[in-house]
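**Student:** Make a model of this:
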Amino acid sequence: MSIEKAEILTRVNERLQTNFTDIDTQIQEILDDLSEEDLLTGTDSDQTLESGDTTLDEPTGFRALIAITLTITSSGSEQYPLIKLKGGHEQYRELRHNDDSVGIPRYFSNFNGKYYLWRPANQAFSSLIEYYKNHSQDVDNIEFDNSFRNVINAGVTYKMALEKGRTRMIQQWGAVYFDAKQKRIDATVHQVRIVRG
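**Tutor:** Sure thing, here's the model as predicted:
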């Protein structure tokens, strides 16, 4: 069962004894706030590499990388997660300037929304990018699971109390929201960022 916008609206109106009809902005603010705590993960397995390819794109909604794993298409052999170059994109440019050969990518730098691979691919690869993501800007399709129901309801109630300047309700629902948010942070098993480097 997913969290529905209409349910949040009903909860907010019950708690604040109001008759709001539009709380989309406040819902999105809470979804964005929760995303900033790395509570939402995503995967991108749509990108592939051909021989000579040098980059992969950051996935839509990307916040922070967990891992990039390549698989050799012809053999199905999964490689170890790529290692981040310690010298960043400057080191990548130096490597490319001094050596234009291809091979199995083992390292990467992240620059301007792309992952630059060292070495460039010498054959076809599929990729799996695992990452922390931002919630989409769509309150009609809430991506957080049911375990976030209480924190989202409390957060939106708090945001609407702020919007209307209801001091007592701000204090009450602010405390409830921040407590519920911390409980979700503490209960969430964060994925170890296995990108070495």
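
**Student:** got the domain boundaries for this protein?
**Tutor:** Domain segmentation of the chain under automatic domain parsing yields 5-39+136-187, 41-133.

**Student:** What sits closest to residue 139 if chain neighbours are left out?
**Tutor:** What sits nearest to residue 139 in space, not counting adjacent residues and going by Cβ to Cβ, 6 or more residues apart in numbering, is residue 27, at 4.4 Å. For every residue, glycine as well, the C-beta is placed using N, CA and C.

**Student:** Over to residue 181?
**Tutor:** Nearest one to residue 181, counting by Cβ to Cβ, 6+ apart, is residue 151 at 5.3 Å.

**Student:** Confirm that the one you found sits in a helix.
**Tutor:** Yes. Judged by DSSP: H, G, I helix; E, B strand; the rest coil, residue 151 forms part of a helix.

**Student:** Surely it and residue 34 touch.
**Tutor:** Yes. Residue 151 lies in contact with residue 34 (Cβ atoms under 8 Å); the separation is 7.0 Å.

**Student:** name the element residue 142 belongs to?
**Tutor:** Residue 142 belongs to no helix or strand when assigned by DSSP states H and E.

**Student:** Ramachandran angles for the residue nearest to it when sequence neighbours are not counted?
**Tutor:** For residue 142, ignoring the flanking residues on the chain, the nearest one in space by Cβ to Cβ, 6+ apart is residue 3 at 4.5 Å. Backbone torsions for residue 3, taken as degrees, to the nearest 10, come to phi -80, psi 130.
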